[in-house]
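Engineer: below: sequence and its predicted model.
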Amino acid sequence: MADSGKSQSGKTNTSGGSLALPVVFVLFYYLLLLMRLDKYLCESTELSRANAKKCLHRGEVTCDGVVVTNSAFKVPAGCDVRLLGEPVMVRGLRYIMLNKPQNTLCSTVDEVYPSVLSLLAVPKACSLHIAGRLDADTTGLVLITDDGQWSHRLTSPAKACAKRYRVQLADPLGASSTELVAQFARGIALKGEASLTRPAVLDIVTPTEVLLTITEGKYHQVKRMFAAIGNKVVGLHREQVGEIALDPALGAGQWRYLTQDEVGLV
Ligand code: URA
């Protein structure tokens, strides 16, 4: 017998209707969360939104094997999106370590020297930013990402993230190395600053080479700390930021993506 929608007592059975409403809402929110196809193409390729739309209109894009020309099409999870037959996938957040060479800048634009971002052969490098700057003549570990919260944990003064530098000095340190280590631990009075630097850890490797760990990032801080004790930094190389150490396999100018474990250290 066909379901008339009425119970034996003759009352209308509304259970189907009361279920339909939440299902419609869930479906609506699911669709809201999905990415439009033109945005998906922009995020996964070098295409601008306008050029992504042109590709779509030319029928160059398929979703699970079917040509889709509608820019507003919502890309379902796990959909096989292809542009001219090539798979395109939306990138997740990116985390990169670079061994900065001399004469490069930790700014996003090329000025006197090229930006370190120009060393990265990655799509949409312009959406990346540098977590903690180094001077043009400083070499070593630079962390680059598009995850603002992650980089904030590295650079916010409140987080006091430790940075370790290998420092080459112009003049050999004197015999009073124990007092020097204590002086750096107490804090150094930098020229033009009202307060001492935060406690720093000085490890003396040779009379002209030291490892210095600081937990702040004042302008030219390491150079100014040694200037304050009458010495001069002639070589500065950052080896570690927080728990992330520069990969010794990376030569000057080389980079790689961080591992999941490294990302999780921040
Ligand atoms: N301190 C400096 O003086 N320069 C740097 O590049 C980094 C820390």
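Structural biologist: The structure has been received and is ready for your questions. Numbers count the residues shown, from 1 in each chain.
Engineer: pull the longest helix belonging to the chain out as PDB, backbone CA atoms only.
Structural biologist: For the chain, the helix that runs over the most residues, judged by DSSP state H, is helix 15-33. Taking Å, rounded to 0.1, in the frame of the first residue of the first chain, the C-alpha atoms of helix 15-33 are listed here in PDB:
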ATOM      1  CA  SER A  15       8.600  13.100  10.800                       C
ATOM      2  CA  GLY A  16       9.800  13.300   7.100                       C
ATOM      3  CA  GLY A  17       9.400  17.100   7.100                       C
ATOM      4  CA  SER A  18      11.100  17.700  10.400                       C
ATOM      5  CA  LEU A  19      14.100  15.700   9.200                       C
ATOM      6  CA  ALA A  20      14.300  17.400   5.800                       C
ATOM      7  CA  LEU A  21      15.000  20.800   7.400                       C
ATOM      8  CA  PRO A  22      18.200  20.000   9.200                       C
ATOM      9  CA  VAL A  23      19.400  18.000   6.200                       C
ATOM     10  CA  VAL A  24      18.900  21.100   4.000                       C
ATOM     11  CA  PHE A  25      20.800  23.200   6.500                       C
ATOM     12  CA  VAL A  26      23.700  20.800   6.700                       C
ATOM     13  CA  LEU A  27      23.800  20.600   2.900                       C
ATOM     14  CA  PHE A  28      23.700  24.400   2.700                       C
ATOM     15  CA  TYR A  29      26.600  24.800   5.100                       C
ATOM     16  CA  TYR A  30      28.600  22.100   3.400                       C
ATOM     17  CA  LEU A  31      28.300  24.000   0.100                       C
ATOM     18  CA  LEU A  32      29.200  27.200   1.800                       C
ATOM     19  CA  LEU A  33      32.400  25.600   3.100                       C
END
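Engineer: averaged pLDDT, that helix. What do you get?
Structural biologist: Mean pLDDT, computed over helix 15-33, is 72.
Engineer: tell me the first helix or strand C-terminal of it.
Structural biologist: strand 35-36 (DSSP states H and E).
Engineer: how about residues contacting that following strand?
Structural biologist: 43, 71, 72, 73, 74, 75, 90 (CB atoms under 8 Å, 6 or more residues apart in numbering). Just so you know, the C-beta spots here come from the backbone N, C-alpha and C atoms, and that holds for glycine as well.
Engineer: where does residue 140 sit: helix, strand or coil?
Structural biologist: strand (DSSP: H, G, I helix; E, B strand; the rest coil).
Engineer: work out for me the element the spatially closest residue to it that is not a sequence neighbour sits within.
Structural biologist: Nearest residue to residue 140, sequence neighbours excluded (CB to CB, 6 or more residues apart in numbering): residue 238, at 3.6 Å. Per DSSP H and E, residue 238 falls inside strand 233-241.
Engineer: average pLDDT for that strand?
Structural biologist: Strand 233-241 comes out at a mean pLDDT of 98.
Engineer: what does it rub up against?
Structural biologist: By CB under 8 Å, 6+ apart, strand 233-241 touches 100, 131-132, 134-135, 137-143, 154, 161-170, 211, 222-223, 226-227, 245-246.
Engineer: ok so, going back, okay, and which of the contacts of strand 35-36 map to strands?
Structural biologist: 74, 75 (DSSP state E).
Engineer: how about the contacts of strand 35-36 in a markdown table, adding distance to residue 149?
Structural biologist: Shown next, in a markdown table, are the contacts of strand 35-36 (distance: CB to CB, whole Å):
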| residue | distance to residue 149 |
| --- | --- |
| 43 | 19 |
| 71 | 30 |
| 72 | 30 |
| 73 | 31 |
| 74 | 27 |
| 75 | 25 |
| 90 | 19 |
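Engineer: okay if I get the contacts of strand 35-36 as CSV plus distance to residue 119, neighbour count and pLDDT?
Structural biologist: What follows is the contacts of strand 35-36, written out as CSV (distance: CB to CB, whole Å; neighbours: other CB atoms under 10 Å; pLDDT from 0 to 100):
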residue, distance to residue 119, neighbour count, pLDDT
43, 23, 17, 78
71, 34, 19, 94
72, 37, 9, 93
73, 37, 19, 93
74, 37, 16, 92
75, 32, 18, 91
90, 24, 14, 77
